[in-house]
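A.B. asks: Okay, here's the prediction I keep looking at, along with the sequence it came from:
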Amino acid sequence: MARTNKSETTHWLANAPVASAFKMPGTRKAWETKRAEVRKLLWQLLGRLPSRPKLPRVEMVSRADRGDYVLEKFRFDNGAATVPGYLLLPSTIAREHKCPAILYCHWHGGEYDNGKEELFRKRHTPLEPGPTLARRGYVVLAIDAYGFGERSGQGPGGPRESGTSEEMSASKFNLWVGRTLWGMMLRDDLMALDYLLSRPEVDGNRVGVTGMSMGATRSWWLMALDERIRAGVAVACLTRYQNLIRHQGLARHGIYYFVPGMLNHFDTEVVVALIAPRPILFLTGDRDSGSPIDGVRTIEVTARKAYKLYSQENRFESVIYPGVGHDYTRNMWERTLKWMDKHLGK
């Protein structure tokens with residue numbers, strides 16, 4: 001008798017070495033021992049990434065006074081490619097010794113021509129995120145991810161390839177040399193963070209990260225890997241991978257963020273738990289097919305246990321929006337601003 005489509009999914013999972021549900025240790029000490037093991041394993045799963053310099057060598061491309069903020073365009077060499085970016089410095093900076101800062105991670109959405117230009121567009125957020133945050137007193141930094149913006153056509157296939165084909169070639173190349181495209185993307189983000197923290201205008205104790213969709217996933221993975229990021233907001237894309245499979249939603253996400261072997265060990269609730277006890281806010285629509293809500297609930301349960309070990313339950317917040325899909329609503333934007341202002345001590 002032929003299996004239904006749903007039973008095919010069950011069959012695939014049943015015949016794969018998928019990790020069972022994660023059991024959070026009962027004490028803070030036991031969790032911190034386990035946390036170190038998990039973080040080390042995550043780095044291993046991301047592959048043989050090139051070592052990161054202590055500080056990237058940054059070249060200033062241009063600098064312009066835009067009234068409310070100064071816009072600097074820069075680029076740095078990541079050892080494999082040139083990474084272009086923007087830095088926004090608030091005009092109030094002359095009256096302050098140090099400012100809070102935000103690493104802004106752009107989304108995917110197939111908008112390969114967008115990249116860091118998302119800072120200046122209202123296509124997804126109600127207001128231009130870069131200038132809005134700068135006017136509120138934040139230093140803001142964003143870079144182009146592999147294949148996006150100014151990096152389009154710079155993959156292993158050369159300028160003839162762009163968009164999805166370039167992304168596929170970059171993923172294939174990295175797998176062949178023992179690493180992941182996702183790991184290389186996060187490495188770029190961490191080099192950008194290194195640069196952001198090196199700026200004399202930035203208070204290193206008040207640095208946050210945010211983004212939507214791919215930018216959201218970059219945000220919570222970065223917080224899991226690097227504790228220098230003190231607060232974050234992730235809009236859409238809070239995805240538990242086994243639930244995504246059960247809902248037959250693998251096609252909802254690009255190849256860029258798949259990490260070989262991860263589900264042999266744990267699912268994303270463990271990644272999110274690594275963020276504790278730092279403040280993190282998740283905003284998810286219940287009709288977002290790339291983030292099945294039953295998976296979100298599993299992540300919430302595990303993460304809250306981790307935060308409880310530190311008596312910091314109020315620093316983890318996950319809001320589900322009824323009737324909302326893969327969107328960034330005005331209410332989400334207002335919550336993002338309020339969360340950053342509260343936890344970065346603005």
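C.D. replies: Arrived safely. Numbers count the residues shown, from 1 in each chain.
A.B. asks: can you map out the strands along the stretch 201-346 of the chain?
C.D. replies: Using DSSP state E, counting those that start in this stretch, the strands of the stretch 201-346 of the chain run over 202-212, 231-235, 280-285, 316-321.
A.B. asks: Pick the most buried one from those strands.
C.D. replies: strand 231-235 (a mean of 28; mean count of other CB atoms under 10 Å). Using the backbone N, CA and C atoms, a C-beta is placed for each residue, glycine as well.
A.B. asks: that older thread, using TSV, please lay out the strands of the stretch 201-346 of the chain together with distance to residue 122 and mean pLDDT.
C.D. replies: Shown next, in TSV, are these (distance: least, CB to CB, whole Å; pLDDT from 0 to 100):
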stretch	distance to residue 122	mean pLDDT
strand 202-212	13	97
strand 231-235	15	98
strand 280-285	18	98
strand 316-321	19	98
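A.B. asks: quick one: which of these is nearest residue 250?
C.D. replies: Closest approach to residue 250 among those (CB to CB): strand 280-285, 18.4 Å.
A.B. asks: Which elements pack onto whichever helix or strand residue 183 is part of?
C.D. replies: Remark: residue 183 resides in helix 181-198, with elements defined by DSSP states H and E. If contacts are counted by 3 or more CB pairs under 8 Å, 6 or more residues apart in numbering; DSSP states H and E, helix 181-198 sits against strand 69-77, strand 82-90, strand 99-105, strand 139-143, helix 163-176, strand 202-212, helix 214-225.
A.B. asks: Could you export the ones you listed as TSV, including distance to residue 309?
C.D. replies: Shown next, in TSV, are those (distance: least, CB to CB, whole Å):
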stretch	distance to residue 309
strand 69-77	38
strand 82-90	36
strand 99-105	27
strand 139-143	32
helix 163-176	35
strand 202-212	23
helix 214-225	16
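A.B. asks: nearest to residue 318, of those?
C.D. replies: By CB to CB (comparing all of the helices and strands packed on helix 181-198), the closest turns out to be helix 214-225, at 11.1 Å.
A.B. asks: mind checking how far residue 343 is from residue 102?
C.D. replies: To residue 102, residue 343 is 11 Å away according to CB to CB, to the nearest Å.
A.B. asks: Residue 15 - how many residues pack around it?
C.D. replies: When counting by other CB atoms under 10 Å, one arrives at 8 neighbours for residue 15.
A.B. asks: Over to residue 343?
C.D. replies: There are 20 residues near residue 343, going by other CB under 10 Å.
A.B. asks: buried ones in stretch 51-60?
C.D. replies: Neighbour-count burial for stretch 51-60, with 16 or more other CB atoms under 10 Å as criterion, is recorded at 56, 58.
A.B. asks: Can you measure across it, start residue to end residue?
C.D. replies: Start to finish, the residues bounding stretch 51-60 are 23 Å apart (CA to CA, to the nearest Å).
A.B. asks: now stretch 123-137
C.D. replies: End-to-end distance for stretch 123-137, by CA to CA: 23 Å.
A.B. asks: how about the spatially closest residue to residue 342 that is not a sequence neighbour, what does it touch?
C.D. replies: Nearest non-adjacent residue to residue 342, counting by CB to CB, 6 or more residues apart in numbering: residue 279, 7.8 Å away. Residue 279 makes contacts with 230, 231, 232, 315, 316, 339, 342, 343, as judged by CB atoms under 8 Å, 6 or more residues apart in numbering.
A.B. asks: Bridging across strands, which residues link to the fifth one?
C.D. replies: I take that to be residue 316. residue 280 (DSSP bridges).
A.B. asks: thought it was touching residue 304?
C.D. replies: Yes: contact criterion CB atoms under 8 Å: residue 316 and residue 304 qualify, at 5.9 Å.
A.B. asks: Name the residues contacting each of these two.
C.D. replies: The contact sets of residue 316 and residue 304 do not overlap (CB under 8 Å, 6+ apart).
A.B. asks: re earlier: tell me which of the strands of the stretch 201-346 of the chain sits nearest to residue 16.
C.D. replies: Closest among these, using CB to CB: strand 280-285, at 26.3 Å.
A.B. asks: Tell me the gap between that closest one and the middle of its chain.
C.D. replies: In terms of CA atoms, centre = their mean, to the nearest Å, the centre of strand 280-285 is set 12 Å apart from its chain centre.
A.B. asks: quick one: low-confidence ranges for the stretch 1-150 of the chain?
C.D. replies: 1-5, 94-96 (pLDDT under 70).
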